[in-house]
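S.K.: sequence below, structure please.
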Amino acid sequence: MPAQFQFGRFNFPLQGEGARARVMGILNVTPDSFSDGGRHGELEFAISHAEQMLLEGADIIDVGGESSRPGAPPVALDEELRRVMPVLYALRDCGKPISLDTYKPQLMREAVIAGVDMINDINAFRAPGAIEAVRDSDCALCIMHMQSAPQTMQLQPAYADVVAEVLAFLRQRVEALTAAGIERRRLCVDPGFGFGKTVEHNYALLKAGRQLVDELGLPLLAGLSRKSMIGAVTGKPVEQRLAGSLAGALAAVAHGASIVRVHDVAETVDALKVWRAAH
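M.R.: Residues are numbered from 1 along each chain as shown. Here you go, the predicted model:
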């Protein structure tokens with residue numbers, strides 16, 4: 001594992017003094033995200049929500065302009081640009097790292113020009129031109145595993161060994177990016193909870209977090225906030241999954257996650273403070 005994770009203009013210690021799990025606040029500027037769709041679509045409200053998350057202790061803001069919930073339709077490039085670019089420019093001087101959640105190489109290029117600090121790609125930089133779009137920047141790159149595509153990923157997810165297969169996929173994508181000249185200190189991985197996985201697959205991957213970190217030698221990002229894997233265990237609808245999401249975030253950190261991607265920033269920050277004090 002690199003001693004530090006280069007996060008664009010910022011560096012996060014991964015070992016020694018200053019090393020701790022970071023909280024990534026979710027800023028969806030979409031009308032149809034599964035948890036908060038439509039709430040932050042207007043620029044004024046999106047900026048206000050980002051500022052609130054920063055006040056609550058978010059270490060990173062992750063901006064997304066296309067829902068990746070199961071069954072979500074794709075969004076045209078022009079529309080996604082319209083949704084996210086004003087937000088990226090408005091937030092780039094907020095004093096904290098800004099991440100963009102996209103798989104479109106053209107949007108990656110525009111985001112790099114706008115000064116984002118991470119590209120968070122559910123497609124693991126497999127689209128033609130994606131690696132070239134980010135190679136010469138200093139952006140951090142999050143490589144996520146997804147079986148199939150959002151439109152079909154939850155129809156019949158199947159694996160012989162979910163941990164081994166996700167690990168092999170992530171290793172292959174890390175090798176592809178490093179072969180293109182991208183330094184490992186810019187990379188992190190995400191097992192993709194809910195992206196082509198059953199509840200059992202998700203929890204197997206959650207428990208295998210430390211194995212993924214040890215075998216890949218890279219920081220792990222975990223995004224399970226309010227997801228169906230929480231609802232399946234608690235029996236609660238999306239709007240009542242706070243307690244389960246907090247437990248999931250703490251479990252992810254206990255199993256090796258360096259970043260947790262969450263909707264409920266203030267509560268997660270407090271939970272992690274108490275968790276650290278007890279360790």
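
S.K.: how about the helices in the stretch 51-200 of the chain?
M.R.: Remark: helices of the stretch 51-200 of the chain, listed N- to C-terminal, are 77-91, 105-114, 130-135, 162-179, 199-207; assignment by DSSP state H, counting those that start in this stretch.

S.K.: what are the phi and psi values at G235?
M.R.: G235 has phi and psi values of phi 80, psi 20 when expressed as degrees, to the nearest 10.

S.K.: relative to E267, how far out is it?
M.R.: Relative to E267, G235 is positioned 20 Å away (CB to CB, to the nearest Å). In short, each C-beta sits where N, CA and C put it, glycine included.

S.K.: the two: who's more crowded?
M.R.: Here G235 and E267 are set side by side on neighbour count (other CB atoms under 10 Å), and the busier one is E267, at 16 against 8.

S.K.: who are the neighbours in contact with that one?
M.R.: Contact analysis of E267 by CB atoms under 8 Å, 6 or more residues apart in numbering lists L242, L246.

S.K.: show me what counts as buried in the helix or strand where it lies.
M.R.: Assigning secondary structure by DSSP states H and E places E267 in helix 265-277. The neighbour-count criterion (16 or more other CB atoms under 10 Å) identifies V265, A266, E267, T268, V269, A271, L272 as the buried residues of helix 265-277.

S.K.: please put the alpha-carbon coordinates of that helix into CSV.
M.R.: The C-alpha trace of helix 265-277 is given here as CSV (Å, rounded to 0.1, in the frame of the first residue of the first chain):
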residue,chain,number,x,y,z
VAL,A,265,-22.5,12.8,6.7
ALA,A,266,-22.9,14.2,10.2
GLU,A,267,-24.0,10.9,11.7
THR,A,268,-21.3,9.0,10.0
VAL,A,269,-18.6,11.4,11.1
ASP,A,270,-19.8,11.1,14.7
ALA,A,271,-20.0,7.3,14.6
LEU,A,272,-16.4,7.1,13.2
LYS,A,273,-15.1,9.5,15.9
VAL,A,274,-16.5,7.2,18.6
TRP,A,275,-15.3,4.1,16.8
ARG,A,276,-11.8,5.5,16.6
ALA,A,277,-11.8,6.5,20.3
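
S.K.: give me the distance between that helix and the centre of its chain.
M.R.: How far helix 265-277 lies from its chain's middle: 19 Å, per CA atoms, centre = their mean, to the nearest Å.
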